[in-house]
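Novice: The following block contains a protein sequence and its predicted model.
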Amino acid sequence: MTKIIKREYDSNGNITYSENSDGAWYKYDYDANDNRIYYGDSYGYWVKQEFDANGNIIYYENSTGFWSKRDYDNNGNQIYFENSDGEQIHFIR
């Protein structure tokens with residue numbers, strides 16, 4: 001059975017590193033608002049994210065090449081979406 005054998009945290013209590021008994025490791029990074037902006041693991045997979053001041057995700061990218069972008073209005077409503085698959089959506093409110 002795989003067990004977590006090591007964990008590290010930042011000063012805000014967010015986990016920044018973990019390792020399990022099989023030797024796999026996982027890394028995390030956060031922005032000033034404690035939003036997780038990076039995840040990476042020993043298998044080569046990673047995710048990068050960006051957030052606006054309201055905590056809405058505005059950009060996502062992963063190691064498979066997939067990415068997406070989002071825009072929001074002043075009320076936090078999503079008004080635009082686009083991704084690497086060619087999908088584009090303009091939301092009308």
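Specialist: Thanks, I have the structure now. All of these numbers come straight from a predicted model, not from anything done at the bench.

Novice: Would you tell me what helix or strand Tyr60 is located in?
Specialist: strand 57-62 (DSSP states H and E).

Novice: got a list of contacts for that strand?
Specialist: 35, 45-52, 66-72 (CB atoms under 8 Å, 6 or more residues apart in numbering). (Glycine included, C-beta is placed from N, CA and C.)

Novice: Partner strands of the helix or strand just after it and their direction?
Specialist: As assigned by DSSP H and E, the chain's next helix or strand after strand 57-62 is strand 67-72. Partners of strand 67-72 in the sheet, by DSSP bridges, are strand 57-62 (antiparallel), strand 78-83 (antiparallel).

Novice: so how far is Glu50 from Asp34?
Specialist: From Asp34 across to Glu50, the span is 14 Å (CB to CB, to the nearest Å).

Novice: hmm, back to that, could you pull up the mean pLDDT of the strand holding Tyr60?
Specialist: The average pLDDT within strand 57-62 is 98.

Novice: Of all the residues in it, which ones are buried?
Specialist: Burial within strand 57-62, assessed by neighbour count using 16 or more other CB atoms under 10 Å, is assigned to 57-58, 60-61.

Novice: Could you list the low-pLDDT ranges of the chain?
Specialist: 93 (pLDDT under 70).
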